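Student: Give me a model of this one.
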Amino acid sequence: MDVIALVGPSGTGKSHRALWVARNNGADAIIDDGILIKDGKVIGGTSAKKEKNRIMAVRRAIFVLPGHASAVRKAIAESLPRRILLLGTSENMVQKIAKTLRIGPVSKIIRIEDIASKKDMEIAKYHRLKRGEHIIPVPSIELKPHFSGYLIDPIKSFFKTSSSRRRRLGERSIVRPVFSYYGKLIIDDSVIKNIVHIVAEKLDEVYRVGAAHVYHVVNGDEDLGITVSLEIVFAYGYAIAETMEALRRDLQMEIERMTGMVVHEIDILVKSLHVDLTHQVHA
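Tutor: Numbering: from 1, shown residues only. Model prediction:
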């Protein structure tokens with residue numbers, strides 16, 4: 001396995017050109033901001049973009065947080081990439097990442113200024129610093145478990161507030177140029193509520209689903225995902241605790257699969273029990 005690197009200051013367009021550099025240099029895997037991408041899919045790691053402060057983000061990006069490096073090393077061993085492209089802000093950084101992941105020294109360094117014009121880098125910095133956009137070299141369907149609350153920009157994420165006015169979220173959204181042809185993706189909170197009802201009502205243990213609420217977790221201009229609450233009437237005779245835990249898992253998986261949003265919390269209120277008196281009489 002060979003290792004090459006694309007190096008340049010933050011926000012100069014490395015991720016934007018990562019796929020092009022990988023293709024032209026025969027790399028079938030990319031390591032960018034803490035995640036391992038192979039053949040267009042995220043197969044290991046956790047994005048530094050999920051960290052709440054810069055220090056933790058840097059530690060995540062260089063794989064020094066507990067368990068991060070070992071998880072990515074395992075993914076590399078299982079996927080067996082022929083050549084890996086590392087992205088970093090300096091030669092020292094990519095060499096450290098290579099050493100931490102035990103994938104050998106970097107055999108070739110490609111500098112962003114050698115493949116991008118000064119104007120291109122200025123445009124990239126504008127989008128990163130002024131508009132807060134970041135490019136990830138992977139399709140949107142692969143992003144959802146790894147990023148907090150973001151869909152692809154310019155496929156923008158919008159959600160309706162209780163006052164029926166639309167509120168734009170995710171100003172620091174993630175962009176992927178190939179999706180720019182597809183326009184806007186509009187998701188209303190009612191869609192998430194519908195998913196909640198459909199998933200919950202499939203269970204025999206749930207007699208009826210009541211009110212469901214969706215709350216957006218926002219930190220300044222940054223959308224960090226959602227929390228969901230719902231009320232149910234539980235069918236008498238089943239184990240409540242075990243069923244509710246299974247329902248939480250099912251709801252989180254299905255909401256994240258369908259919407260791309262990160263679900264931080266699901267609160268379930270069992271309002272009452274339904275007793276099937278007809279069944280008891282016949283019994």
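Student: from here on, contacts and neighbour counts on C-alpha atoms
Tutor: Fine.
Student: which residues of the stretch 101-250 of the chain fall in helices?
Tutor: 112-115, 118-125, 189-201, 240-259 (DSSP state H, counting those that start in this stretch).
Student: Surely residue 100 touches residue 63?
Tutor: Yes - look at residue 100 against residue 63 with CA atoms under 8 Å: they come within range, at 7.1 Å.
Student: what about residue 243, neighbour count?
Tutor: Neighbourhood size, residue 243 [other CA atoms under 10 Å]: 15.
Student: One more: the one 10 residues further on?
Tutor: Taking other CA under 10 Å as the criterion, the count of residues near residue 253 is 14.
Student: Equivalent analysis for residue 77, please.
Tutor: Neighbour tally, residue 77, other CA under 10 Å: 10.
Student: and if you look at the one 4 residues further on?
Tutor: If you count neighbours by other CA under 10 Å, residue 81 ends up with 18.
Student: hmm, back to that, so for residue 72, which of the helices of the stretch 101-250 of the chain sits nearest?
Tutor: Closest approach to residue 72 among the helices of the stretch 101-250 of the chain (CA to CA): helix 240-259, 22.5 Å.
Student: Show me what the following helix or strand past that closest one is in contact with.
Tutor: The first helix or strand that comes after helix 240-259 along the chain, using DSSP states H and E, is strand 263-274. Here strand 263-274 makes contact (CA atoms under 8 Å, 6 or more residues apart in numbering) with 207, 225-236, 244, 248, 252, 255-256.
Student: can we see that at 6 Å?
Tutor: By CA atoms under 6 Å, 6 or more residues apart in numbering, the residues outside strand 263-274 that reach it are 225, 226, 227, 228, 229, 230, 231, 232, 233, 234, 235, 236.
Student: Kindly report the same for stretch 105-112.
Tutor: Counting by CA under 6 Å, 6+ apart, 3, 4, 5, 6, 7, 8 sit against stretch 105-112.
Student: Would you mark the buried spots in that stretch?
Tutor: For stretch 105-112, a neighbour-count test (16 or more other CA atoms under 10 Å) marks 106, 109, 110, 111, 112 as buried.
Student: before we move on, what about stretch 238-249?
Tutor: For stretch 238-249, a neighbour-count test (16+ other CA under 10 Å) marks 244, 247, 248 as buried.
Student: which residues are in contact with it?
Tutor: By CA under 6 Å, 6+ apart, stretch 238-249 touches no other residue.
Student: sorry, back to before: which one among the buried residues of stretch 238-249 gets closest to residue 12?
Tutor: The closest of the buried residues of stretch 238-249, once distances to residue 12 are taken by CA to CA, is residue 248, at 40.8 Å.
Student: State the phi and psi torsions of residue 238.
Tutor: Taking degrees, to the nearest 10, you get phi -100, psi 160 for the backbone angles of residue 238.
Student: For residue 205, see how far away it is.
Tutor: Going from residue 238 to residue 205 by CA to CA, to the nearest Å gives 6 Å.
Student: and if you look at residue 263?
Tutor: Residue 263 is 23 Å from residue 205, by CA to CA.
Student: where in the protein is pLDDT low?
Tutor: 123-186, 219-223, 278-283 (pLDDT under 70).
Student: ok, now with 50
Tutor: Counting by pLDDT under 50, the chain has low-confidence residues at 131, 139-183, 281-283.
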